[in-house]
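> just need the structure, nothing else, for what follows:
(2 chains)
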Amino acid sequence: MKRILIERLPRIEGNLRVVLSETDPENLVHLESGRSLHTKEMLVGKYPLESIELTQRLSAKSSVAHAIASVMALENYLQLDPTPTALQIRNVLIQLSTLYSHIHHFYWEVLPEYLNATHFKGNAHQFLKYYIGYTPLKKKSGDLSKSVGQKLISKIPMAFEVLNILQKVLTLPTGKFPVIMNMIPGGLTNPSFNRVLIMEMVRYLEGIKFFVEEEWPGAVKLLIQNRSESVRIYKKKVNLLSFGSLPSGTIKDQYAHYSDGVLIDGKLEPVNELKITESLDSTYFLPFDKITAKASKRFDLKKEDARTWLIGARYDTETMLTGALSRMLVTHFGGGNLGISDRISQMLDDLGLTTESPNCIATRLLAEVFEGRLYLKSVMGILLDVDVDAPLNRKTPFDFSNNGTGVGKIESPGGALLHQVYIDNNKITQYRIVSPVNWNFSPSDASGKMGIVETELNKLLESEKLSLERARRILYSYNTQILDGTH
Amino acid sequence: MILGTISIPLMSHSLTGLLHATSKPKVKSIIWLKGQSSEINSAGIWGHPDFIDFLDKYFKVLPVDQLDYNNLPSDLTDEGQSHILILEGYFTNNADDALHNLLKDLIVISKGVILLGNEASYGQHMEDGFLDLEAGLLYQVETPYFKLPGVPTSLRYLLGSLNHMILYDLPELDEFRRPLMFYSKKVCDYCEYRGDFEAGRYVRYFGEKKGCLYLLGCKGPVTKNACGIDKWNGTSSWCLGVGSPCSGCTEPGYPDHQGLGLFGQLSTDSASINSSLIRNAGPIAKGALAVTAAGIGLHILSKKTSTPMNRKKIFNIEDDEE
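I've put the predicted structure just below:
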């Protein structure tokens, strides 16, 4: 017997359902995803370069990350390094798309959960149009006060304009957005990069500085100050994963902000991708040894105990937290960028939290804000530094005839994203994607280990009657693209 | 009404002007339903600020986050066929899926359906378990529909289509049910490198130089889309401008393109020059023949299944006011 608590979260990519299993001896809350699009299966048999475009269709907010992870996997297979200038531009693209994703996350996914009809009274015509298909409900528990809510929604037009500008800046070098078109192994397709294009990007970005540095951080702080439960920790110690920043492309390495690493039980170690596994328990997917030639499909809709298409990612059998907060903390523990280390320590101190138990709504949102400011500064630095006359690619043909594999790892807006491609005779023979959703929203595995979000919801259930508003706020506070995890 | 090849910005401007000149258009309802979708198609909303003002002025977008999945909203059933249904993403054929039954009911009572993006437009390539919206539902009802394919779709096409529907009627469609005003000319026709194509000045490998990308597998010669005029997100940038061959994202054959794939069959020889469409002229010719045959078939089928569509006005501002 199961009871559906939340049918779907309408403002995320893909479907997510929250279900209470009443037949379960412990009355557990589970997450159930929508159907897989079978993107990985669709890639099998295709020419390897096609993965760059086709995997981007998985997410509007992580499309750039998918493009770069995919092309990195191909470069790893080809043993081909991108040019330094291409690396610089890739850094610009991933950082701007992350900034875009974070701003969208706060204003269009998180904030509406704290609003109600009273906030829009008298100004609905002015502000409600920015939330297409959304109608505020009556006042509910945990909403913002009228004055605070109205103050925050008064900035929505500005946030909209900022996203508009970021789309333009991301489109200029890439051809279009959200699906970008200029990635190839060894660099970028652009036949030329000129100073005019660079300065057009800089000019646009000058126009969003005030919002990114002042308005948005102020809005997040205001929300946190007014909702004390946002600093509540549901699970005290979490394991952390970060793939670190992309190589910067410059000798001085000034733009490499984040360290890579895995923090398990307080011990930090370098990432070893061979330890990343995927649990198919609870999913409709079949283990490889159960896929027969007769029934070649990788899934079975009648599989016993299957309830979701979300594959659970594990590092050395452990569940992990990934995302902006995680990469800041890994950098802190790894002794990397001191600016980040100081900032995260200060942030946790201000909230009365520690680096040992840091994961809550407030820290997740503040980490995104801090990262956004850092990235904007970084992008401006790169754009003014880039050598427009240097080569953007290796001008070399690609040989995909050999049997081999390649891995691409990147920190996408939502966290660690891994692509692994298997190639033989100019065709993809297998493709693997492990996305942030596979980590954070992982279903429980055979040993009963739950992912970070399922654990939080069950702790909420233990401590009080499960408030649906509170559950929704927890779910939305993760920068989530469910479709990314079902592939 | 065929607006032909006039520029998209110009057309949008003139349609908006006409709309402003129209006295008191009645506000219509839109239901924008998203199935399994990454929202790459609706992300364009943030790239077109005029779109939300337009929606706000002439439409009421019904809240989908509070839909009762077991019962149709009473204001819809009361109003009768007055709303436009926009479908984005894939929809499952699982009867347990909350959207499934609701979707069928909504289609029946809609004035018109817009299939936004390739997933909704060409979903027939999906695994079992997904609805083929066209064959599974839309062929079986009288509700008119059309497609706005692309990866992603330009939101300006949706803006233009809705604009056209208010002012005139359903736009005129091609054999794949795409509005002719956006999908009548080939990418090659608008391309800044058309002269290079004619002169045989081809780019031989990625990033080599500016020029025609025909040899890198560009699908511009067989792809109908106005992106070469409209460009993307209010900039002057587009795929070919950044050195990326057209991937034919608005065509029903995307991404397979009759076995050619996005880049043709790229060579493993000394340079990707050998990957050209030229080397695959045979398969292309067969593919084009198959597409033509399929197009004719679909055209005949579309006439059979929805005769009233091209001629019947789905709504008329003056009629509504009466």
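
> now chain B, which segments are flagged as low pLDDT?
B:1-27, B:65-81, B:124-125, B:265-322 (pLDDT under 70).

> can you check chain A too?
Scanning chain A for pLDDT under 70 picks out A:251-256, A:289-296.

> which one's the longest helix in it?
In chain A, taking DSSP state H as the definition, the longest helix is helix A:361-385.

> up against chain A, what does the stretch 1-150 of chain B have?
For the stretch 1-150 of chain B, the contact set with chain A under C-beta under 8 Å from any C-beta of the partner chain comprises B:32, B:34-40, B:42-43, B:45-47, B:49, B:52-53, B:55-56, B:61-66, B:69, B:90, B:92, B:94, B:97-98, B:119, B:126-127, B:129-130. For the C-beta atoms, the positions are set from N, CA and C on the backbone; glycine is no exception.

> sorry, back to before: other SSEs contacting the longest helix of chain A?
helix A:84-104, helix A:195-206, helix A:216-226, helix A:324-334, helix A:338-350, helix A:468-477 (3 or more C-beta pairs under 8 Å, 6 or more residues apart in numbering or on different chains; DSSP states H and E).

> what's the angle from the longest one to helix A:324-334?
Interaxial angle of helix A:84-104 relative to helix A:324-334 (axes from the mean of the first three to the mean of the last three C-alpha atoms, to 10 degrees): 130 degrees.

> circling back: so which of the residues of the stretch 1-150 of chain B next to chain A sit within strands?
With DSSP state E as the criterion, strands contain B:32, B:34, B:61 from among the residues of the stretch 1-150 of chain B next to chain A.

> which of those ranks first by neighbour count?
residue B:34 (26 neighbours; other C-beta atoms under 10 Å in any protein chain shown).

> how near is that residue to residue A:60?
Distance, residue B:34 to residue A:60, using C-beta to C-beta, to the nearest Å: 11 Å.

> go on, residue A:40?
19 Å.

> quick check, residue B:146 in a strand?
Yes - checked against DSSP: H, G, I helix; E, B strand; the rest coil, residue B:146 lies within a strand.

> partner residues bridging it?
residue B:114 (DSSP bridges).

> for it, what are its contacts?
Residue B:146 is in contact with B:112-115, B:161, B:170-171, B:173, B:177-179, counting by C-beta atoms under 8 Å, 6 or more residues apart in numbering or on different chains.

> same thing but at 7 Å, please
Counting by C-beta atoms under 7 Å, 6 or more residues apart in numbering or on different chains, residue B:146 makes contact with B:114, B:170-171, B:173, B:177-179.

> likewise for residue A:107?
A:156, A:159.

> tell me how many other residues crowd residue B:108.
Around residue B:108 there are 14 other residues, counting by other C-beta under 10 Å.

> how close does it sit to chain A?
As for residue B:108, its distance to chain A is 21 Å (criterion: C-beta to the nearest C-beta, to the nearest Å).

> pick out whichever of residue A:40 and residue A:60 has more residues nearby.
residue A:60 (27 against 18).

> go ahead and confirm residue A:139 touches residue A:116.
Yes - between residue A:139 and residue A:116 there is a contact under C-beta atoms under 7 Å: 4.6 Å.

> of these two, who's got more company?
residue A:116 (17 against 12).

> how much space between the more buried one and residue B:85?
Counting by C-beta to C-beta, the gap between residue A:116 and residue B:85 amounts to 28 Å.

> what does the stretch 151-300 of chain A put close to chain B?
Proximity of the stretch 151-300 of chain A to chain B, by C-beta under 7 Å from any C-beta of the partner chain, involves residues A:160, A:163-164, A:167-168, A:171-179, A:181-182, A:184, A:187-191.

> now list the buried members of these.
Buried members of these, scored by 16 or more other C-beta atoms under 10 Å in any protein chain shown, are A:160, A:163-164, A:167-168, A:171-179, A:181-182, A:184, A:187-191.

> so which of those are in strands?
Per DSSP E, these map to strands at A:184, A:187-188.

> would you turn the residues you listed into CSV with distance to residue A:284?
Below are those laid out as CSV (distance: C-beta to C-beta, whole Å):
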residue, distance to residue A:284
A:184, 35
A:187, 39
A:188, 38
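
> so which residues of the stretch 151-300 of chain A form helices?
Here the stretch 151-300 of chain A has its helices, by DSSP state H, counting those that start in this stretch, at A:156-174, A:195-206, A:209-210, A:216-226.

> so which of those helices is the most surrounded?
Of all the helices of the stretch 151-300 of chain A, helix A:156-174 carries the top mean neighbour count, a mean of 22, counting by mean count of other C-beta atoms under 10 Å in any protein chain shown.

> summarise which helices and strands it is packed against.
helix A:84-104, helix A:195-206 (3 or more C-beta pairs under 7 Å, 6 or more residues apart in numbering or on different chains; DSSP states H and E).

> distance from the chain centre to the first one, please.
Taking the mean C-alpha point of helix A:84-104 and that of its whole chain, the gap between them comes to 13 Å (C-alpha atoms, centre = their mean, to the nearest Å).

> and after it, which helix or strand comes next?
Sequence-wise, the next helix or strand downstream of helix A:84-104 (DSSP states H and E) is helix A:124-127.

> give me the buried positions along that next one.
So for helix A:124-127, counting by 16+ other C-beta under 10 Å, buried means residue A:127.

> now that helix, how far from the chain's geometric center?
30 Å.

> gap between residue A:459 and residue A:116?
From residue A:459 to residue A:116 the distance is 26 Å (C-beta to C-beta).

> residue A:331 too?
Counting by C-beta to C-beta, the gap from residue A:331 to residue A:116 is 38 Å.

> and residue A:326, by the same measure?
32 Å.

> ok, residue A:159 next?
Note on residue A:159: its distance to residue A:116, by C-beta to C-beta, is 19 Å.

> got it, and residue A:356?
Residue A:356 is 36 Å from residue A:116, by C-beta to C-beta.

> then residue A:304?
The value you get for residue A:304 to residue A:116, if C-beta to C-beta is used, is 43 Å.

> and for residue A:473?
Residue A:473 sits 13 Å away from residue A:116, going by C-beta to C-beta.

> need the residues touching each of those two.
Joint contacts of residue A:473 and residue A:116 (C-beta under 7 Å, 6+ apart) do not exist.

> residue A:10 is nearest to which of the helices of the stretch 151-300 of chain A?
helix A:156-174 (17.5 Å; C-beta to C-beta).

> the closest one to helix A:361-385, inter-axis angle?
Using the same axes, to 10 degrees, the inter-axis angle of helix A:156-174 relative to helix A:361-385 is 40 degrees.

> please export the C-alpha coordinates of helix A:156-174 as CSV.
Output of helix A:156-174 as CSV, limited to C-alpha atoms (Å, rounded to 0.1, in the frame of the first residue of the first chain):
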residue,chain,number,x,y,z
ILE,A,156,11.7,39.4,-10.2
PRO,A,157,11.7,41.6,-13.3
MET,A,158,15.3,42.3,-12.7
ALA,A,159,16.1,38.6,-12.3
PHE,A,160,14.3,38.0,-15.6
GLU,A,161,16.3,40.6,-17.4
VAL,A,162,19.6,39.1,-16.0
LEU,A,163,18.6,35.6,-17.3
ASN,A,164,17.8,37.3,-20.6
ILE,A,165,21.3,38.9,-20.7
LEU,A,166,23.0,35.6,-19.7
GLN,A,167,21.2,33.8,-22.5
LYS,A,168,22.5,36.3,-25.0
VAL,A,169,26.1,36.1,-23.6
LEU,A,170,26.0,32.3,-23.8
THR,A,171,24.5,32.4,-27.3
LEU,A,172,27.1,34.8,-28.8
PRO,A,173,30.0,32.3,-28.9
THR,A,174,28.0,29.1,-29.1
